[in-house]
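Okay, predicted coordinates and the sequence, questions at the end:
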Amino acid sequence: QKEVEQNSGPLSVPEGAIASLNCTYSDRGSQSFFWYRQYSGKSPELIMFIYSNGDKEDGRFTAQLNKASQYVSLLIRDSQPSDSATYLCAVNMYSSASKIIFGSGTRLSIRP
Amino acid sequence: NAGVTQTPKFQVLKTGQSMTLQCAQDMNHNSMYWYRQDPGMGLRLIYYSASEGTTDKGEVPNGYNVSRLNKREFSLRLESAAPSQTSVYFCASSERSASEAFFGQGTRLTVV
């Protein structure tokens, strides 16, 4: 079992709709969770981080964390064509606090 | 404010050659990381350094060595390059072990 798992996609969402991206992780003791966006040929850039159970909102983005289910998600409201990218989930592993493990990423395409 | 700087940006090696990828950060971060990214594989952790003077293996350390030269610099060495090491390599740093990582622009390495 991979330590961090994501559906690879592609996920196609119409412009203006809500895009929902999901991630599960294996280390029950993990404490820090991150979502990165990566455009083709570019470096990953941080969108959101979340440490506590529940929701965290930042503009059009909402991160949701459920530690009991070992599940973290990212919602993008009012999706724009500029949101088309690969979204990477990352988890800071409890076994080693410095060990940040990434999922394989979900490719999101926003269709006009 | 340069952030995380990687050199070189592009490199072509012949099988069996050696080289060192350089990484430096100017954010006074304690932790540094090396990842590789292959198509459809997300980011895989090669080695990381929680703090100056320490290094640890990640998910895919075979064929690589690292040196945390000082707080700013973290280098990755390929002693005998193989075609399987053709990839994009990213260096990243974070302020502390559980905080978000910031990435360099990447090094595209081809081994022929």
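Great, that's in hand. Numbering: from 1, shown residues only, chains lettered A, B, ... in the order given.

mind checking the SS state of the closest residue to residue B:69 other than its chain neighbours?
Spatial nearest neighbour of residue B:69, excluding adjacent residues (Cβ to Cβ, 6 or more residues apart in numbering or on different chains): residue B:75 at 6.4 Å. C-beta coordinates here come from the backbone N, C-alpha and C atoms, glycine included. Here residue B:75 is strand, with the state taken from DSSP: H, G, I helix; E, B strand; the rest coil.

which residues sit in contact with residue B:75?
By Cβ atoms under 8 Å, 6 or more residues apart in numbering or on different chains, the residues touching residue B:75 are B:20-23, B:66-67, B:69.

Okay, it and chain A: tell me how far apart.
Distance, residue B:75 to chain A, using Cβ to the nearest Cβ, to the nearest Å: 18 Å.

Dig out what that residue forms beta bridges with.
residue B:67 (DSSP bridges).

Next up, the contacts around the nearest residue to residue A:45 once chain neighbours are set aside.
Counting by Cβ to Cβ, 6+ apart, residue A:45 lies nearest to residue A:37, which is 5.6 Å off, once chain neighbours are set aside. Listed by Cβ under 8 Å, 6+ apart, the contact set of residue A:37 reads A:44-45, A:47, A:85-88.

OK, contacts around the residue nearest to residue B:42 when sequence neighbours are not counted?
Here the nearest residue to residue B:42 in space, its sequence neighbours aside, is residue A:104; by Cβ to Cβ, 6+ apart that works out to 3.7 Å. Counting by Cβ under 8 Å, 6+ apart, residue A:104 makes contact with A:2, A:5-6, A:8, B:40-42.

roughly how far apart are the most centrally placed residue in chain B and chain A?
The centroid of chain B falls nearest to residue B:34 when counting by Cα atoms, centre = their mean (3.0 Å). Computed as Cβ to the nearest Cβ, the residue B:34 to chain A distance reads 12 Å.

give me phi/psi at residue 71?
Using chain A here. As for residue A:71, its main-chain torsions (degrees, to the nearest 10) stand at phi -140, psi 130.

wait, I meant chain B there
Main-chain dihedrals, residue B:71, degrees, to the nearest 10: phi -60, psi -30.
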